[in-house]
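no sequence for this one, just the structure:
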């Protein structure tokens, strides 16, 4: 399955994405931005506005850029006061040196950094921050680790768990991909997070993963049924609401 096919799959589930995907830990967004309230922040690959909403709550001036028309329309419905533009990481519709930070929520791994790196550097002010954020499941918790085994990689991939996200994302700002000569040494950090779910809403959340969105319907149904059956067997998830243990991981680098 190509990256282009996977990255373009979300528009078909924009409303479900907005309803079921988690927000981002405020402490993680604050560390990622590292700028004062009122600073200009670009949410790049903004989706339905999950990260943008967290940034608005921090008091920064947010502009969102998203390439998928359905996701962009959903973002505008969710956050009507946020300036939201059609565009991509590889062709950002903003002037040079116009933002103090560029953030990407669960999106940096979809960018073609050979093209996006220079574009991001172009719109950043000198000393500005580039950061990717990922909401990951805390598979140090027994039932979460077991869920990963039951779900398969289409539902819970290498950037979706605590045990794998650092290795899976560290290379995104590696030398030679358009960032090395423009950004300093990247840093990684993790922040505790969680999402209130029921068994049904957790299944609905996992159904918005790219791998499941492009899966043939019989296989997709079988995978989601298998997850639902697993959740029904666990005391932690069988009845009522529970907190899905999560972290928000951050990879950031500063514009030279």
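It's in. What you see is a predicted model, and the numbers here were worked out from it, not measured in a lab. Numbers count the residues shown, from 1 in each chain.

what residues does the closest residue to residue 81 other than its chain neighbours make contact with?
Distances taken as C-beta to C-beta, 6 or more residues apart in numbering put residue 56 closest to residue 81, at 7.9 Å, once the chain neighbours are dropped. Yep, even glycine has a C-beta here, placed from its N, CA and C like the rest. Residues in contact with residue 56 (C-beta atoms under 8 Å, 6 or more residues apart in numbering) are 62, 79, 81-82.

format those as TSV; extra columns: distance to residue 231.
Output for the contacts of residue 56, formatted as TSV (distance: C-beta to C-beta, whole Å):
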residue	distance to residue 231
62	35
79	31
81	37
82	34
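
inside strands: which ones of those residues?
The strands, defined by DSSP state E, take in residue 62 from those.

same list (the contacts of residue 56) but as JSON lines, adding distance to residue 73, neighbour count and pLDDT.
Below are those laid out as JSON lines (distance: C-beta to C-beta, whole Å; neighbours: other C-beta atoms under 10 Å; pLDDT from 0 to 100):
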{"residue": "62", "distance to residue 73": "18", "neighbour count": "26", "pLDDT": "98"}
{"residue": "79", "distance to residue 73": "12", "neighbour count": "20", "pLDDT": "98"}
{"residue": "81", "distance to residue 73": "16", "neighbour count": "8", "pLDDT": "97"}
{"residue": "82", "distance to residue 73": "13", "neighbour count": "19", "pLDDT": "98"}
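
out of the contacts of residue 56, which is nearest to residue 21?
The closest of those to residue 21 turns out to be residue 79 (C-beta to C-beta; 14.2 Å).

verify the contact between the closest one and residue 50 for me.
No: using C-beta atoms under 8 Å, residue 79 is not in contact with residue 50, being 9.8 Å away.

buried set for the helix or strand hosting the residue nearest to residue 81?
Take DSSP states H and E as the rule and residue 56 turns out to sit in helix 50-57. Neighbour-count burial for helix 50-57, counted by 16 or more other C-beta atoms under 10 Å, picks out 50-56.

so what pLDDT did the nearest residue to residue 106 once chain neighbours are set aside get?
Nearest residue to residue 106 in three dimensions, chain neighbours excluded: residue 134, at 5.5 Å (C-beta to C-beta, 6+ apart). Model confidence at residue 134, given as pLDDT, is 97.

which residues does residue 134 bridge with?
Beta-bridge pairing for residue 134 (DSSP bridges): residue 249.

could I get the full set of strands for the stretch 151-256 of the chain?
Secondary structure of the stretch 151-256 of the chain, counting by DSSP state E, counting those that start in this stretch: strands at 187-197, 242-254.

look up how far residue 133 lies from the residue most central in space within the chain.
When C-alpha atoms, centre = their mean is applied to the chain, the residue found nearest the centroid is residue 106 (1.7 Å). To residue 133, residue 106 is 7 Å away according to C-beta to C-beta, to the nearest Å.

kindly report the same for residue 201.
22 Å.

again, but for residue 145
23 Å.

who has more neighbours out of these two?
Using other C-beta atoms under 10 Å as the criterion, residue 145 and residue 133 rank with residue 133 on top: 28 against 15.
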